[in-house]
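S.K.: Pasting the sequence and the predicted coordinates here, then a few questions.
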Amino acid sequence: MQYNPALDGLRALSILAVLLFHCDIPGARGGFVGLDVFFVLSGYLITSMLSAEYRQGGIEIGRFYARRALRLYPTLLLMVAVYLGLAPMLWPDDNRWLSAVLAALYVYDYALAFWEIAYTIGHTWSLGVEEKFYLLWPLALPLLLRTRHPVGWLVSSFFAVTAWRYFVAMNWTWSQAYFCFDTRMSGILLGAIAALTRFRVSRHALTVACIALAVLMTLPSLPTSDQIEAVTLRITLAELSAFVLVCYAAEHGKMKYLASRPAAYVGRLSYGIYLWHFPFALLLRSSQPGWVTLSATVAFSFTMAAICLHLVDAPLKRWRQKAWPQTQTAV
C-alpha cells in the first residue's frame, strides 16, 4: 500500500466535524457523522492492508495485533493516565478507575449503552468499536476471501447489521443502537466493500455525497431531536456518503485540497486530537461561549496530538519498521 495523502485529508475533515460537534458550535450539531466517515475509512484501510498480505502468502495475525497495539495503545494510555491524575480535582464525582479500565480495555461502547456511567472519557467508545474489528477481522477475512462471492457476503452483512441497528433503536434505546459494536460495524463493512471492489465514483456522485454530509452536519440531533431517526436513517446516509468519499479519495490520491500538506498533517494528528479534545471541551462548553471553547480545545488538542505524534508515535514507528520491515505506512 502506497501512502495516500487524500485519505489523511479525509481524516482531517472528519475530526474537525467531531470537534465542532463536541464544542456545541451552532450549525454543527450533527457533526457526530464525522465518526461514520472514520469507521468507513478504517474498514477500507485495514481490509486493503490485510487483503494485500493475504495475496502475498497469508496474514500474520500476531504481527498485525502487535502493530495495532504499538500504533494505538501508547497515546491512549497516556491520555488515561493524565485523566486519572486530574480527575480528583476536575471530575471528583467520576468513578475514575472504572472509567480508566473501560477505556483501556476498549469496552466503553457497551458500558455507555447499558450503564449509567461517567462520560468524561466516554468518547473512547468509538475506539472500542474499531478495536473489536481489529481483533476479529484478521481471523474472518481469510475465510471470506476463500468464498466465491466475498463482496456479496459483505453487502449482505451490511444490510443485516443496518437492519439490526434499526430494530434495536425502535425496540430498545437509542444509546444501545448508537454505541455498540454490533450496531455500528455497518460503516466498517462498507469500508471493507470499498477495499475489495475499488469502486469508482463520478464527480457528480462525489458532489451529492458532500452535500449530504454537509446537510447532516447542520441538522441538530443526539439528543436534541428524534433519536430513532438519528441512529437509523441519519447514520445510514452518512455511511453511504462516506463510502463515496473514501472510494473517490482512494482513486484520486492527489486531490487538490484533501491531499494538501496542512490537511494531510491534521489527518495524521487526528487520532491524538480525538483522544485529547473531548475532556477539555467538556470542561469548557458549559461555562464558555462556543468560540472560546472551540479555540481553546483546538489549541490544546492539536498541541497534545503533535507531542504524541512526534515524541511517542514516531519513535515507535521507526522501531516498528526496523523490527517488521514490511510494516505498512498507510494506517
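M.R.: Yep, it's here.
S.K.: And stretch 26-42, what's buried?
M.R.: In terms of neighbour count (16 or more other CB atoms under 10 Å), stretch 26-42 has its buried residues at 28-42. Where you see a C-beta, it was placed from the backbone N, CA and C, and this is true even at glycine.
S.K.: Narrow the residues you listed to those in strands?
M.R.: Using DSSP state E, no member of the buried residues of stretch 26-42 falls within strands.
S.K.: Which member of those residues is positioned nearest Val244?
M.R.: Distance ranking of the buried residues of stretch 26-42 against Val244, using CB to CB, places Val40 first at 9.5 Å.
S.K.: ok, the closest one to Met304 distance?
M.R.: Using CB to CB, to the nearest Å, one obtains 26 Å as the distance from Val40 to Met304.
S.K.: And the pLDDT at Asp8?
M.R.: In this model, Asp8 is scored at 95, pLDDT.
S.K.: Test my guess that it contacts Ala263.
M.R.: Yes: the pair Asp8 / Ala263 is scored as a contact, 7.1 Å apart, by CB atoms under 8 Å.
S.K.: so is Leu144 in a helix, a strand, or just coil?
M.R.: In terms of secondary structure, Leu144 is helix; the call rests on DSSP: H, G, I helix; E, B strand; the rest coil.
S.K.: cool, Trp137 as well?
M.R.: helix.
S.K.: which helices and strands does the worst-scoring helix or strand of the chain on mean pLDDT pack with?
M.R.: Per-element confidence for the chain was summarised using mean pLDDT, DSSP states H and E. The lowest value among helices and strands belongs to helix 227-229, with a mean of 76. With contacts defined as 3 or more CB pairs under 8 Å, 6 or more residues apart in numbering; DSSP states H and E, the packing partners of helix 227-229 are helix 150-171, helix 174-179.
S.K.: Pick the most deeply packed of those helices.
M.R.: The highest mean neighbour count among these belongs to helix 174-179 (a mean of 22), with neighbours defined as mean count of other CB atoms under 10 Å.
S.K.: got a list of what the residue nearest to Pro150 when sequence neighbours are not counted touches?
M.R.: In space, not counting the residues next to it along the chain, Pro150 is nearest to Leu144; the distance is 4.8 Å by CB to CB, 6 or more residues apart in numbering. Going by CB atoms under 8 Å, 6 or more residues apart in numbering, Leu144 touches Pro150, Trp153, Leu154.
S.K.: Okay then, goodbye and thanks.
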